[in-house]
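J.: I would like the atomic coordinates for the input below:
(one chain, ligands or ions: 2)
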Amino acid sequence: MGYRTMATDDARKRNWIGWVFFADLLNGLALTLSYLFSKTVTMRYPDKEKWTPYPRFRGHHFLLTDQAGKIKCVACELCARICPCSCITVVPHEDQNGERHPKVFEVDTARCLFCGLCEDACPVEAIALGQLYEFSAYSSGDLRVGRDELLSKPGKTRQGGNVIAARLNTDEGVRVEPKEEDEDGHDWWTRLRRK
Ligand code: SF4
Ligand code: SF4
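T.: Ligands and ions are numbered 1, 2, ... in the order given. This next block holds a predicted model:
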C-alpha cells in the first residue's frame with residue numbers, strides 16, 4: 001500500500017514538473033521536427049511501385065480446382081447463406097454421375113464487405129479471398145463476377161508485405177505490372193524512422 005502511495009506521489013511530481021516546463025509540448029515538437037528530417041514514406045504508386053499485401057489479406061475472391069482440374073465447389077450454398085450482405089448467388093447443378101457443381105456462381109464484389117466468412121464456412125475449401133486489390137469498374141453491374149472469372153483469378157502467394165518496383169501499363173485497360181527484376185521488393189517498414 002505504502003509503495004503504491006509513493007509511486008503515485010512520484011507520478012504527480014513528474015506531471016507537475018512537466019506542466020511547468022511544457023515537457024509534453026516540447027516532446028511533441030521534437031517528434032514533429034525529427035519527422036521533417038526522416039526518410040519519406042510516400043509510395044510512388046502506380047507509376048513506379050506497388051504494395052503487395054500479406055497472404056492474410058482479404059482481397060478479390062477466387063474459386064479453386066482439385067488436382068484433376070475440376071472445380072472444388074459442391075454448390076452446397078453455405079457461403080451464400082452465411083454472407084452478411086447476400087452478395088453470393090449459387091445455382092446448383094447435378095451431373096450424370098450425381099456430382100453437384102455450381103451452374104451459376106456469382107459474387108457481387110460491389111456489395112461485398114470482404115469479411116472472409118464465405119471462406120471460413122466452405123466445407124471443401126473451394127472459395128478463398130486472395131491478395132488482388134486492384135479491380136474497379138465504371139458500373140456496379142460490372143463488379144458482379146461469375147464462376148469462370150472467379151476460377152481464373154490469382155490465388156494466394158506465400159510472400160507479401162513488401163513494396164515492389166512496378167510500372168503503369170495503359171495499353172490494354174489500366175494495369176500496374178510488377179517489374180520482374182524486383183520480385184522480392186523491399187520491406188515497407190524499413191522506410192519508417194524507428195526510435
Ligand atoms: S467476404 Fe463476406 S461479404 Fe464478401 S462474399 Fe464473402 S461472406 Fe459475403
Ligand atoms: S464455395 Fe464452398 S460453401 Fe460455397 S457453395 Fe461452393 S462448396 Fe459450398
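
J.: check contacts around the nearest residue to Asn162 once chain neighbours are set aside.
T.: Nearest-residue entry for Asn162: Gly185, 3.8 Å, with adjacent residues in sequence omitted and distances by C-beta to C-beta, 6 or more residues apart in numbering. C-betas here are computed from N, CA, C, even on glycine. Remark: with contacts taken as C-beta atoms under 8 Å, 6 or more residues apart in numbering, Gly185 is in contact with 52, 162-165.

J.: same question for Ala75.
T.: Here Ala75 is in contact with 90-93, 100-103, 105 (criterion: C-beta under 8 Å, 6+ apart).

J.: pLDDT score for the residue nearest to the spatial centre of the chain?
T.: Nearest to the mean C-alpha position of the chain, by C-alpha atoms, centre = their mean, lies Phe57 at 3.4 Å. In the prediction, the pLDDT value recorded for Phe57 is 95.

J.: just Trp188 next, same as before
T.: Residue-level pLDDT assigned to Trp188 equals 71.

J.: for Glu149, same thing?
T.: 97.

J.: distance check, it against Asp10.
T.: With distances defined as C-beta to C-beta, to the nearest Å, the gap from Glu149 to Asp10 amounts to 64 Å.

J.: which of those two has more neighbours?
T.: When neighbours are counted by other C-beta atoms under 10 Å, Glu149 and Asp10 differ, and Glu149 comes out ahead with 16 against 10.

J.: is ligand 2 within reach of the helix or strand hosting that one?
T.: Following DSSP states H and E, the helix or strand that holds Glu149 is helix 147-152. No - against ligand 2, helix 147-152 shows no contacts by C-beta under 6 Å from any ligand atom, the least distance being 9.4 Å.

J.: and that helix, how far out from the chain's middle?
T.: A distance of 20 Å separates the centroid of the chain from that of helix 147-152, by C-alpha atoms, centre = their mean, to the nearest Å.

J.: so what secondary structure elements neighbour it?
T.: The helices and strands touching helix 147-152, judged by 3 or more C-beta pairs under 8 Å, 6 or more residues apart in numbering; DSSP states H and E, are strand 61-63, strand 100-108.

J.: buried residues, it. List them.
T.: 147, 149-151 (16 or more other C-beta atoms under 10 Å).

J.: about what we covered before: mean neighbour count added to the helices and strands packed on helix 147-152, as a markdown table?
T.: As requested, these are exported to a markdown table (neighbours: other C-beta atoms under 10 Å):
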| stretch | mean neighbour count |
| --- | --- |
| strand 61-63 | 23 |
| strand 100-108 | 18 |
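
J.: and ligand 1, which of those is closest to it?
T.: Taking C-beta to the nearest ligand atom as the measure, those were each checked against ligand 1, and strand 100-108 came out nearest at 5.5 Å.
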